[in-house]
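> let's see this in three dimensions:
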Amino acid sequence: MANVRDLKKDINYVLGDIIEAVYVWEYENTDKDTKKSEAIIDEAIAVFDALIAKVNAKNVENAKAHFKAINVELEAKGKALIEKINKLG
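Predicted coordinates for the structure are as follows:
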């Protein structure tokens, strides 16, 4: 874990790529309903907001463990969102 700035960039890139993947799916499947894909985008935005709020928390006892936990949470939630994208169809 290099620093907070890198963690924020990781959060932005991962969730941004997930949202972009949903947009690509919607573009390629114009004949399908987009309610589920829009829900994935909304969830990705909510995850982004929650993780950034955790990163910006000032009163943390063990900063290293706190940021590592955020990184693990990002990975888990990112994988879950990717699974949801893969199930669209």
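
> residues contacting residue 37?
22, 25, 26, 85, 88 (CB atoms under 8 Å, 6 or more residues apart in numbering). For the C-beta atoms, the positions are set from N, CA and C on the backbone; glycine is no exception.

> from those residues, which shows the smallest pLDDT?
On pLDDT alone, residue 88 ranks lowest of these, at 91.

> now it: how far from residue 60?
Distance of residue 88 to residue 60, computed by CB to CB, to the nearest Å: 37 Å.

> which element is the residue nearest to the spatial centre of the chain on?
With distances taken as CA atoms, centre = their mean, residue 15 lies nearest the centre of the chain, 3.5 Å away. Using DSSP states H and E, residue 15 sits in helix 4-28.

> that helix: how far from the chain's middle?
Centroid separation between helix 4-28 and its chain, computed with CA atoms, centre = their mean, to the nearest Å, is 7 Å.

> for stretch 45-59, same thing?
Once both centres are worked out by CA atoms, centre = their mean, stretch 45-59 turns out to sit 11 Å from its chain's centre.

> buried residues, that stretch. List them.
Neighbour counts over stretch 45-59 (16 or more other CB atoms under 10 Å) mark 47, 48, 51, 54, 55 as buried.

> including distance to residue 39 and pLDDT, could those residues go into JSON lines?
JSON lines is the format used below for the buried residues of stretch 45-59 (distance: CB to CB, whole Å; pLDDT from 0 to 100):
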{"residue": "47", "distance to residue 39": "13", "pLDDT": "98"}
{"residue": "48", "distance to residue 39": "15", "pLDDT": "98"}
{"residue": "51", "distance to residue 39": "19", "pLDDT": "97"}
{"residue": "54", "distance to residue 39": "23", "pLDDT": "96"}
{"residue": "55", "distance to residue 39": "25", "pLDDT": "95"}
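
> no more questions from me, cheers.
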